[in-house]
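> What would the 3D arrangement of this be:
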Amino acid sequence: MKKFSWNFGKSDRANSTSNSILMLALMSLSAGVLLTSCQEGDPNTTNGTEGTPGEKTTQEGNGLKLGSLAPATGDLSSIGQNWPAAVQLSVDTVNECGGVNEAQVSLISEDDQTDPSAGSSAMTKLAEVDKVAGVVGSFASSVSGAAVDVAVRNKVMMVSPGSTSPVFTERAKKGEFSGYWARTAPPDTYQSQALAALATKQKFKNIATVAINNDYGVGFEEQFVKAFKDQGGNIVGKPVRYDPKAATLDSEAKGVFSGKPDAVAAILYAETGSVLLKSAFEQGLSDGVTVLLTDGVYSDDFIKQVGKTADGKSIIAGALGTVPGANGPALKEFTALWNEKVGKELTAYVPHNWDAAALLMLAAEASDANTGEGIKSKILEVANAPGTEVTNVCQAMELVRKGEDINFQGASGNVDIDANGDVVGSYDVWKVGDDGTLSVIDKVDPVAGTSN
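All right, here's what the predicted structure looks like:
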């Protein structure tokens, strides 16, 4: 910028006033030029205002910001500890192949503690302090139920990799989420049918039920009872529901097992569920009764928490369960990458986390906007037909950058998301061995209602 110098002589008082006016005018003009040049320095900066789909925008000039909300501690920590690593791997992979909207993606991870209040607070931080555009989370339906209201209010796109309560479908149908909710794990409307189909195949006629008293447990239980009755089964006694904060569960264990059912359908969380099943064993109630379990306790840690008999056999040996299968077109490719980059066990729902993060980033790129509104406007388009089916997230990103339509095929499944944010999946059947090991022994198709 040109510098101006001024030399006022002591005897030149007659011209001092006019010179002063000229000086002020030129200084004002130069300041305006400087301000304009600063504003034009970064065309992607929005100065705190939210962009709209179709405009290349970033939040505060820092590129796309995502959040992860997972149960690193609490009742579901045995399943959720690897989740943030899957989201981070997805982000790192996309950043290595160019990022989103010509900038690197950043990730902020929060622990929801498997607690609705903590989850709501964590989501508030992510949305209102960190200013994220999308969040992968959470697992517990009760936590997601509390957090999603914060997300919707702040126009943050939330994609859960594990909350399966049918309540979300009902709320979506009522328009409560305004499109800011989706999930890569199918709702329990399907898993309950899968568990009922498994029970029928095992020729169980009389089943008692016990469930954790929250959205997940009660919703699953109600759907299972209906599906099992529709298949000709009988429910023994009244459903037993237990307080997730209860210190002891002796009476609940007695209530569900004492009716001598063929099997007990137990919709549990790991820490509290292990207490209930251990109590049933110690009271001598579970002998000869098969326990039917669900995704909420599909972990080696849960089996260890339940414990062993005096002869070293798992207390719940022979128990059967269902869990959303991860058998998507991209699973093999993802598994190889996970083993190379992370090296941890590929636990339940890890592929669903990868897919959730990938969809958020692809939708942001497709909308040319690093905002929740932008992601919401395109997430169904990148997840569904029509479009080129593509499994590799970097190849998918390249196609989107060229303006082409894609139908992303995930590691967890084809991730075809409907208008309510739901996907339909298949289910693995797992069994607890005498030594406490878990093994997948079958698959169940919830739509057909039969086991494969």
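> so what's the nearest residue to residue 229 once chain neighbours are set aside up against?
Closest residue in space to residue 229, ignoring its immediate chain neighbours: residue 235 at 6.7 Å, by Cβ to Cβ, 6 or more residues apart in numbering. Where C-beta positions appear, they are placed from N, C-alpha and C, glycine not excepted. Residues near residue 235 by Cβ atoms under 8 Å, 6 or more residues apart in numbering: 206-209, 225, 228-229.
> Give the buried residues for the helix or strand where residue 395 lies.
Using DSSP states H and E, the element containing residue 395 is helix 393-401. For helix 393-401, burial by neighbour count (16 or more other Cβ atoms under 10 Å) applies to 393, 396-400.
> re earlier: just the contacts of residue 235: which are in helices?
225, 228-229 (DSSP state H).
> Do me a favour and get the end-to-end distance for stretch 181-196?
For stretch 181-196, the first-to-last residue distance is 28 Å (Cα to Cα, to the nearest Å).
> ignore the last one, stretch 112-131
End-to-end distance (Cα to Cα), stretch 112-131: 18 Å.
> for the record, mean pLDDT for that stretch?
The average pLDDT within stretch 112-131 is 97.
> thinking again about what came up before, output the helix holding residue 395 in PDB with nothing but the alpha carbons.
What follows is helix 393-401, C-alpha atoms only, in PDB (Å, rounded to 0.1, in the frame of the first residue of the first chain):
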ATOM      1  CA  VAL A 393     -15.300 -44.100   0.100                       C
ATOM      2  CA  CYS A 394     -12.500 -42.300  -1.800                       C
ATOM      3  CA  GLN A 395     -13.800 -43.400  -5.200                       C
ATOM      4  CA  ALA A 396     -17.300 -42.300  -4.000                       C
ATOM      5  CA  MET A 397     -15.900 -38.900  -3.000                       C
ATOM      6  CA  GLU A 398     -14.300 -38.500  -6.400                       C
ATOM      7  CA  LEU A 399     -17.500 -39.200  -8.200                       C
ATOM      8  CA  VAL A 400     -19.400 -36.800  -6.100                       C
ATOM      9  CA  ARG A 401     -16.800 -34.100  -6.800                       C
END
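> Which neighbouring elements make contact with it?
helix 83-96, helix 350-367, strand 388-390, strand 406-408 (3 or more Cβ pairs under 8 Å, 6 or more residues apart in numbering; DSSP states H and E).
> switch to 6 Å and redo it
helix 350-367, strand 406-408 (3 or more Cβ pairs under 6 Å, 6 or more residues apart in numbering; DSSP states H and E).
> Please spell out which residues along the helix or strand following the shortest one are buried.
Of the helices and strands lying after strand 406-408 in sequence (DSSP H and E), the nearest is strand 427-432. Of the residues in strand 427-432, those buried under the neighbour-count criterion (16+ other Cβ under 10 Å) are 427-432.
> Quickly list what the residue nearest to residue 229 is bridged to.
Residue 235 forms beta bridges with residue 207, as assigned by DSSP bridges.
> May I ask which two of the buried residues of strand 427-432 are separated the most?
Taking Cβ to Cβ, the two most distant members of the buried residues of strand 427-432 are 427 and 432; they sit 16.6 Å apart.
> ok, back up a step: who wins for proximity to residue 437 among the helices and strands packed on helix 393-401?
When the helices and strands packed on helix 393-401 are compared (using Cβ to Cβ), the closest one is helix 350-367, at 19.0 Å.
> which outside residues touch that closest one?
With contact meaning Cβ atoms under 6 Å, 6 or more residues apart in numbering, helix 350-367 is reached by 53, 64, 66, 82-83, 86-87, 90, 94, 100, 134, 136, 159, 161, 184-185, 326, 334, 370, 374-375, 377-379, 382-383, 393, 396-397, 400, 410-412, 415.
> Ok, stretch 147-160 next?
Outside stretch 147-160, the residues that touch it by Cβ under 6 Å, 6+ apart are 119-120, 123-124, 127, 134-136, 144, 177-178, 180-183, 356, 372-373, 375-376.
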